[in-house]
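Visitor: next comes the sequence, and after it the predicted model I'd like to discuss.
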Amino acid sequence: MALSYSKVVIRGEQLLPFQTLLLTKDSSVADGYVAFEPGAKEGSVWTETSQTVTEKAYTGDAVSDDTSLAMVDNKIVYAKTVFEQIIKQTSLTNSIFSEDMGVGAEKVRSKTFEDLATKSFSGAIANQQMINRWQGVTAATKAAIAALTPGAGQGSITAAAQTKVAALPVALRDGFYAAMIYNNWRASATASLGEYIKVVGTTITAANIAAEYAKVFAAIPADVLSNTDTPVVIEAPLAHRQLMRTANNSVGAASNQNFLFEGDAVDSRCSYNGVPVSFVNLPTDVMIAHPAKALGINADAVNEDANFMEIGQQANGSDHVYFKNVYSYAHFIQNQARNVLYGG
């Protein structure tokens, strides 16, 4: 008697809640600091503009052009990637999962295990994506950043930042740190150094963390800081939470409570001079201060070919079951010249 196995494929609108959960399992995304656009289409272009105007005394003369309008097109280019896993079902026959396999040598499928494996697999995917979202860099971008000429002033990268990028994990798409440093999604301009506001970094400890945050705070443009429609947030490495707590509890004149936590719980929300601090997987000694949603994720999550999850049995009578998750998305940064990068 032939045995059958029904493949499970989740696509489109059914997949959207699941994919959204995995892509947004990050405090900054969940809190609305990082934008998530689940319906952005591959190849779409968005245009950023900046304009200056001049007021002058009326003379009645012919009209002259006293304005400056700059436009830059940015294009969404997705990286399509996959996570795969294979499980041999017969290896479960002597485990607790055998209880829902049924009786008989041909009964090798455990629905309980499949549910558990899917959750575990998905959790590992979400964790990997969170790391790559902030630390990842493609091999091509690594090479491009290494080729830049370092300098001390604005409009140049520091040699220390180049060294840091060289040590980052190679990924299939650029994370926010790499994207801040090197802009390669411009459709109407050549890929080049990002237009961020640079704050030269150093090794941050409990002794100097307040002073270094003061540098970031001071570098935020005053009009950006005062805009309540898109409040500023400081993205910080996970380890800063401990350094802040230690600094707050220090003994002596320097023991001012520079970092305000809402409670004593480890995951309490934190702010510095009224600016929320979001703890993410940034590299050590790197901070990004930006208006809410200036950083974002474009993901055509309802595209049935670009994003789907599949569970099935391998061919030729195999008892191996595979799990496959396919993703197509890209990170983006808007209004780069208004964002502050500490460690750039």
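Guide: Cool, got the structure. Numbers count the residues shown, from 1 in each chain.
Visitor: stretch 155-162 spans what distance, first to last residue?
Guide: With Cα to Cα, to the nearest Å as the measure, the ends of stretch 155-162 fall 14 Å from one another.
Visitor: centroid-nearest residue for this structure?
Guide: Arg133 (3.2 Å; Cα atoms, centre = their mean).
Visitor: was I right about Gln334 contacting Thr230?
Guide: No. Applying Cβ atoms under 8 Å as the test, Gln334 and Thr230 come out as separate, 10.0 Å apart. Backbone N, C-alpha and C define where each C-beta goes, glycine included.
Visitor: what touches both of these two?
Guide: 293-294 (Cβ atoms under 8 Å, 6 or more residues apart in numbering).
Visitor: doesn't the residue nearest to the centre of the chain fall inside a helix?
Guide: Yes. The assignment for Arg133 (DSSP: H, G, I helix; E, B strand; the rest coil) places it in a helix.
Visitor: excluding covalently adjacent residues, which one is nearest to it?
Guide: For Arg133, ignoring the flanking residues on the chain, the nearest one in space by Cβ to Cβ, 6 or more residues apart in numbering is Gly175 at 5.3 Å.
Visitor: what about the one you found, neighbour count?
Guide: When neighbours are counted by other Cβ atoms under 10 Å, Gly175 registers 25.
Visitor: ok, it - contacts?
Guide: So Gly175 contacts 132-137, 168, 331 (Cβ under 8 Å, 6+ apart).
Visitor: show the pLDDT at the nearest residue to Gly136 once chain neighbours are set aside.
Guide: Excluding the flanking residues, the one nearest Gly136 by Cβ to Cβ, 6+ apart is Ala171, at 3.0 Å. If you check Ala171, the pLDDT there is 93.
Visitor: contacting residues around Ala171?
Guide: Taking Cβ under 8 Å, 6+ apart, we find Ala171 in contact with 132, 135-138.
Visitor: and these, which two are furthest apart?
Guide: Gln135 and Thr138 (12.2 Å; Cβ to Cβ).
Visitor: who's more crowded, these two?
Guide: More crowded of Gln135 and Thr138, by other Cβ under 10 Å: Gln135, with 24 against 18.
Visitor: what about the strands in the stretch 1-150 of the chain?
Guide: Per DSSP state E, counting those that start in this stretch, the stretch 1-150 of the chain carries strands over the ranges 8-11, 34-37, 45-52, 68-75, 79-88.
Visitor: give the contact list for the closest residue to Ile125 other than its chain neighbours.
Guide: In space, and not counting its chain neighbours, Ile125 is closest to Phe83: 5.1 Å by Cβ to Cβ, 6+ apart. For Phe83, the contact set (Cβ under 8 Å, 6+ apart) comprises 121, 125, 128, 324-325, 327.
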